[in-house]
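**Student:** Whatever this is, show me its structure:
(2 chains)
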There are 2 protein chains.
Amino acid sequence: MNRQGILTVVSGFSGAGKGTLMKALLEKYDYGLSISATTRTPRTGEEDGREYFFLTREHFESMIEQGELIEWAEYVGNYYGTPKKYVEDQLAAGKDVILEIEVQGALHVRELFPDALLLFITPPSAEELKNRLVNRGTESMDKIEERLSRAFEEADCMQQYDYIVVNDELDACVEQLNEIIINEHSRTLRNNSYIEKMSNELKAFKKGDL
Amino acid sequence: MNRQGILTVVSGFSGAGKGTLMKALLEKYDYGLSISATTRTPRTGEEDGREYFFLTREHFESMIEQGELIEWAEYVGNYYGTPKKYVEDQLAAGKDVILEIEVQGALHVRELFPDALLLFITPPSAEELKNRLVNRGTESMDKIEERLSRAFEEADCMQQYDYIVVNDELDACVEQLNEIIINEHSRTLRNNSYIEKMSNELKAFKKGDL
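**Tutor:** Take a look at the predicted model:
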């Protein structure tokens, strides 16, 4: 079957439990993570190519110009971004890579990687989403309302994802995400070369090679 | 999420181990099976609606005319076929139904049920397919060559299936089939009403219902 890695992009409503889910998934299963590039100074103990790729502003800006970043942003005077080559190298080596990206970024990734698998994480219902945000107890009602308003906008993009994954129970959801990614390797569209090979071999047998 | 059952159609090369696989899958998991209709006389112990729907020739022929059969064939003077209504009723009740059908029939089912999930079972390689057929030891070389020749023709249709499932190890393959069908319920295309409901509920919150 196909040996190319799959680039999985995970998005979801704020309050859907994405962060906890990603952490549990990556602890339990062996996925490639993208390492971000940044122009900020390394902190004590941080290593280039482990926590981040530490780059000069000139280097980072030339990567932006050359289209070498999947996505990037400037935050408090420093650039942060996802280098395309690092992700491509892992995929070519057969490693499945997971990116957690918000909705607009995810749709941009699909343009760069048409074969990307897009998963959208959602709580079972809007009511449950509201409850989770309220019960965190860390945010004002204004902030919660803002998040729900943003969720409404994001809901418009759900149609463009491949799967809608309901995060009702953490462990079950982790298993489901892993199963979806594994089984995606068996999708016919990802196995054209396998089909061609099988067809050619069967053709050879036809000629009486028994 | 979506509660409509999924109609799964399983096909595969002769020698791919489909029969054993289906038996194991249906013993372990709770799928709806289609019950065939026939015009032959019930044998001792057979019950109408359990082994078969036993019909008169007139009834069966009117079902053919009315397009009430998913597929049918005549064999040794009797008709055999798969009633559409029985499958539709199970799907409407949220039951996933599995049909094991050869390639041409499977593509016909897709025309009748555009949402059907088509799975193609294959051994790991053409060499392995040949070995399985040869090692059965029950068939002449001519017969094996005929099956391989047919497999070559069937390979042309693999592209039209949704998944290519390699049957390398029986238990693992049973699990994979079950996972694919379960996770197919989370496909975005099958969850339009869920997305719409979520969107409407989030819209209501926007109006300040906290």
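
**Student:** what's the weakest-modelled helix or strand in chain A?
**Tutor:** Lowest on mean pLDDT, DSSP states H and E among the helices and strands of chain A sits strand A:32-33, with a mean of 82.

**Student:** Summarise which helices and strands the helix or strand just after that one is packed against.
**Tutor:** Where DSSP states H and E defines the elements, the next helix or strand beyond strand A:32-33 is strand A:37-38. Secondary-structure packing of strand A:37-38 (3 or more Cβ pairs under 8 Å, 6 or more residues apart in numbering or on different chains; DSSP states H and E): strand A:53-54, helix A:57-65, strand A:78-83. C-betas here are computed from N, CA, C, even on glycine.

**Student:** Low-confidence ranges, chain A, go.
**Tutor:** Low-confidence segments of chain A (pLDDT under 70): A:1-2, A:206-210.

**Student:** domain parsing for chain A?
**Tutor:** A:1-31+A:96-197, A:34-95 (automatic domain parsing).

**Student:** rewinding a little: which residues does the least confident helix or strand of chain A contact?
**Tutor:** The contact list for strand A:32-33, computed with Cβ atoms under 8 Å, 6 or more residues apart in numbering or on different chains, reads A:5, A:26, A:87, A:90-91, A:95-98.

**Student:** mind listing the helices in chain A by residue range?
**Tutor:** Under the criterion DSSP state H, chain A contains helices at A:18-28, A:57-65, A:84-92, A:103-112, A:126-136, A:141-155, A:170-184, A:192-206.

**Student:** can you tell which of those is closest to A:Glu74?
**Tutor:** Minimum separation from A:Glu74 across the helices of chain A (Cβ to Cβ) falls at helix A:57-65, 9.7 Å.

**Student:** what angle separates the closest one from helix A:84-92?
**Tutor:** 60 degrees (axes from the mean of the first three to the mean of the last three Cα atoms, to 10 degrees).

**Student:** Format the CA atom coordinates belonging to helix A:57-65 as CSV.
**Tutor:** Extracted in CSV, the C-alpha atoms of helix A:57-65 (Å, rounded to 0.1, in the frame of the first residue of the first chain):
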residue,chain,number,x,y,z
ARG,A,57,15.1,38.0,10.4
GLU,A,58,16.8,38.1,6.9
HIS,A,59,16.7,34.3,6.6
PHE,A,60,13.0,34.2,7.8
GLU,A,61,12.0,37.0,5.4
SER,A,62,13.6,35.3,2.5
MET,A,63,11.7,32.2,3.3
ILE,A,64,8.5,34.2,3.3
GLU,A,65,9.4,35.6,-0.1
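
**Student:** Now do that helix: distance to the chain's middle.
**Tutor:** Distance of helix A:57-65 from the chain centroid (Cα atoms, centre = their mean, to the nearest Å) equals 23 Å.

**Student:** and the domains of chain A, which is most packed in?
**Tutor:** Highest mean neighbour count among these (mean count of other Cβ atoms under 10 Å in any protein chain shown): domain A:1-31+A:96-197, with a mean of 18.

**Student:** Determine how far that domain lies from the middle of the whole chain.
**Tutor:** Distance of domain A:1-31+A:96-197 from its chain centroid, counting by Cα atoms, centre = their mean, is 7 Å.

**Student:** cool, stretch A:21-34 as well?
**Tutor:** For stretch A:21-34 - counting by Cα atoms, centre = their mean - the centre lies 11 Å from the chain centre.

**Student:** thinking again about what came up before, kindly reformat the helices of chain A as CSV containing distance to B:Asn131.
**Tutor:** Converted to CSV, the helices of chain A look like this (distance: least, Cβ to Cβ, whole Å):
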stretch, distance to B:Asn131
helix A:18-28, 37
helix A:57-65, 51
helix A:84-92, 32
helix A:103-112, 41
helix A:126-136, 53
helix A:141-155, 52
helix A:170-184, 26
helix A:192-206, 11
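
**Student:** so which of the ones you listed comes closest to A:Trp72?
**Tutor:** Among those, the nearest to A:Trp72 by Cβ to Cβ is helix A:57-65 (6.1 Å).

**Student:** which residues are contacting that closest one?
**Tutor:** A:37-39, A:55, A:69, A:72, A:79, A:81, A:83.
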